[in-house]
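In: just the structure for this:
(2 chains)
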Protein chains: 2
Amino acid sequence: MQIALLGGTGDLGAGLALRWGRDTDHDLLVGSRDPDQAREAASDYAARLDGTASISGVQNGDAAAQADIVVLAVSPYHLGDLLSTIGDRLSETAIVVTPAVGMERGEDGMSYAPPPQGSVAALVRERTPDPNPVVGAFHTLPAGRLADLDTTLDFDTLVFGDRADAVAQVREVAESIDGLGTLTAGGLGNAAAVESLTPLLLTLGAENDAHGLGLKIQ
Amino acid sequence: MQIALLGGTGDLGAGLALRWGRDTDHDLLVGSRDPDQAREAASDYAARLDGTASISGVQNGDAAAQADIVVLAVSPYHLGDLLSTIGDRLSETAIVVTPAVGMERGEDGMSYAPPPQGSVAALVRERTPDPNPVVGAFHTLPAGRLADLDTTLDFDTLVFGDRADAVAQVREVAESIDGLGTLTAGGLGNAAAVESLTPLLLTLGAENDAHGLGLKIQ
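Out: The predicted structure is shown next:
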């Protein structure tokens, strides 16, 4: 499967690229606004995996155009621009995956700051062509531990979306990472509840001197 | 330590009474509006523990008056009445613990429905005498598995409050239950983020045919 990691030079993109590169034989397209930076990151990830993985770096739009699954691994504040760039380049069946969360720092730690649409996923849905399913996933994965291949993962990620086939496909791709489990969290209407977990985990990390926390549901 | 479980005839009250009764030597006061029901529940719990635990059943106000830690294990919609009953009977140093969550069922599953104060904990704070610290805890524990002593627990509970000494004391009492870990989630300002986890866990249970889910942060 072709997986595009847009904003793939960032922390979450690096973590997912390295894990999928090591644990699966998916073709990974690391996207960036700047194709040189994309190529550089892709080479770096490939080198860290001893050249055993299929990882190439291209401009975000080119990555999106080739992919079955397109992960929007960017800050939520860059999503609007990114979606304008890729909207007319997605293949008709591409699944758009949103892991981003809007947050703000307050007196009590980090808190959830959704866009006016009510959730980041709702914003993505609004700005994505109708035929392409939008699925939320990977919100609660600590990027640093994901990118550290010496860390054995034991986390769950919550996957939600309005198209059951797309949710199932994203769950399968997520579970192809060793140590990563998934649960479905229902439809896009539950996006805010799931996205809210990220600032809570950051607050818990800060309050308990335990950075890089993830969760497991059992 | 004297622990009062107000509304202790309900699911969460039963679970906490049985676990503390089995795993610790705290004195447990099972409270109810009806002292006969309280006594009946206390006898039932004591019998399930082969009479090895100190568990007595009394009216809610009497339980609150004797306790170092007072757990409000009632539906959030009964909290107002309960707090009116016990407010002037609490000892000056008693810690009031709120595990309750307001929820409603919608199209996408359960969702968080806080009271006008912004969180159940904020409501409890508003209605509790100033000197008594209010601490949130036990929101994410699946009551059924807690009350089933054949289930080995492996969960965390998030504890929050504005008085560090009270938070520390509640964490210690919570961790005296085998298999239960705690993290601090900061102050009462984070109450809504923590209380929101309960409807999310119920939604995940329903969506994944896995009822009685709890969480672990790692």
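In: excluding chain neighbours, what is closest to the most centrally placed residue in chain A?
Out: Nearest to the geometric centre of chain A sits residue A:99, at 4.1 Å (C-alpha atoms, centre = their mean). The shortest distance from residue A:99 to any non-neighbouring residue, by C-beta to C-beta, 6 or more residues apart in numbering or on different chains, is to residue A:138 (3.8 Å). From N, CA and C alone the C-beta is placed, and that goes for glycine too.
In: enumerate every residue touching the one you found.
Out: Residue A:138 is in contact with A:12, A:16, A:71, A:97, A:99, A:157, A:174, counting by C-beta atoms under 8 Å, 6 or more residues apart in numbering or on different chains.
In: pick the one among those residues closest to chain B.
Out: residue A:157 (11.8 Å; C-beta to the nearest C-beta).
In: how about that closest one, phi and psi?
Out: Backbone dihedrals for residue A:157, given as degrees, to the nearest 10, come out at phi -120, psi 140.
In: and it, what is it in contact with?
Out: A:137, A:138, A:139, A:140, A:141, A:174, A:180, A:181, A:182.
In: how about the first one: what's its closest non-neighbour residue?
Out: Counting by C-beta to C-beta, 6+ apart, the nearest residue to residue A:137 once its immediate chain neighbours are dropped is residue A:159, at 4.5 Å.
In: for beta bridges, what are the partners of that neighbour?
Out: residue A:184 (DSSP bridges).
In: can I assume it is in contact with residue A:172?
Out: No - between residue A:159 and residue A:172 there is no contact under C-beta atoms under 8 Å: 10.0 Å.
In: more crowded one of those two?
Out: residue A:159 (28 against 12; other C-beta atoms under 10 Å in any protein chain shown).
In: please flag which of the contacts of residue A:138 sit within strands.
Out: A:71, A:97, A:157 (DSSP state E).
In: could you list the residues of chain A in contact with chain B?
Out: A:106-109, A:111-112, A:154-155, A:158, A:183-187, A:189-190, A:193-194, A:196-197, A:199-201, A:203-204, A:207-208, A:210, A:213-218 (C-beta under 8 Å from any C-beta of the partner chain).
In: now for the host helix or strand of residue A:5, which elements pack on it?
Out: Per DSSP states H and E, residue A:5 falls inside strand A:2-6. On a contact count with 3 or more C-beta pairs under 8 Å, 6 or more residues apart in numbering or on different chains; DSSP states H and E, strand A:2-6 meets helix A:11-23, strand A:27-32, helix A:60-66, strand A:69-72.
In: and the first one, what does it pack against?
Out: The criterion is 3+ C-beta pairs under 8 Å, 6+ apart, and the helices and strands that helix A:11-23 contacts are strand A:2-6, strand A:27-32, helix A:35-48, helix A:143-147.
In: measure how the third one sits relative to strand A:2-6, angle-wise.
Out: On the basis of axes from the mean of the first three to the mean of the last three C-alpha atoms, to 10 degrees, helix A:35-48 is oriented at 120 degrees to strand A:2-6.
In: in helix A:35-48, what's buried?
Out: Buried residues in helix A:35-48, counted by 16 or more other C-beta atoms under 10 Å in any protein chain shown: A:35, A:37, A:38, A:39, A:41, A:42, A:44, A:45, A:46, A:48.
In: quick one: the fourth one from chain B, how far?
Out: Relative to chain B, residue A:39 is positioned 35 Å away (C-beta to the nearest C-beta, to the nearest Å).
In: the closest residue to residue A:7 other than its chain neighbours: neighbouring residues, count only.
Out: Nearest residue to residue A:7, sequence neighbours excluded (C-beta to C-beta, 6+ apart): residue A:74, at 3.4 Å. Residues lying near residue A:74 (other C-beta under 10 Å) number 26.
In: phi, psi of residue A:74?
Out: Torsion angles, degrees, to the nearest 10, at residue A:74: phi -120, psi 170.
In: isn't it up against residue A:100?
Out: Yes - the pair residue A:74 and residue A:100 qualifies as a contact (C-beta under 8 Å) at a distance of 6.5 Å.
In: contact partners for the residue of chain A most remote from its centre?
Out: Computed with C-alpha atoms, centre = their mean, the residue of chain A farthest from its C-alpha average is residue A:107, at 28.0 Å. Residue A:107 makes contact with B:187, B:189, according to C-beta under 8 Å, 6+ apart.
In: quick one on the thing from earlier: can you flag which of the contacts of residue A:157 belong to strands?
Out: Short answer: these in strands (DSSP E) are A:180, A:181, A:182.
In: ok, the first one - contacts?
Out: Think residue A:180. Residue A:180 neighbours (C-beta under 8 Å, 6+ apart): A:19, A:141, A:153, A:155, A:156, A:157, A:174.
In: show me the two of those residues that sit farthest apart.
Out: A:19 and A:156 (14.7 Å; C-beta to C-beta).
In: do you know the pLDDT at the residue nearest to residue A:99?
Out: pLDDT for residue A:138: 98.
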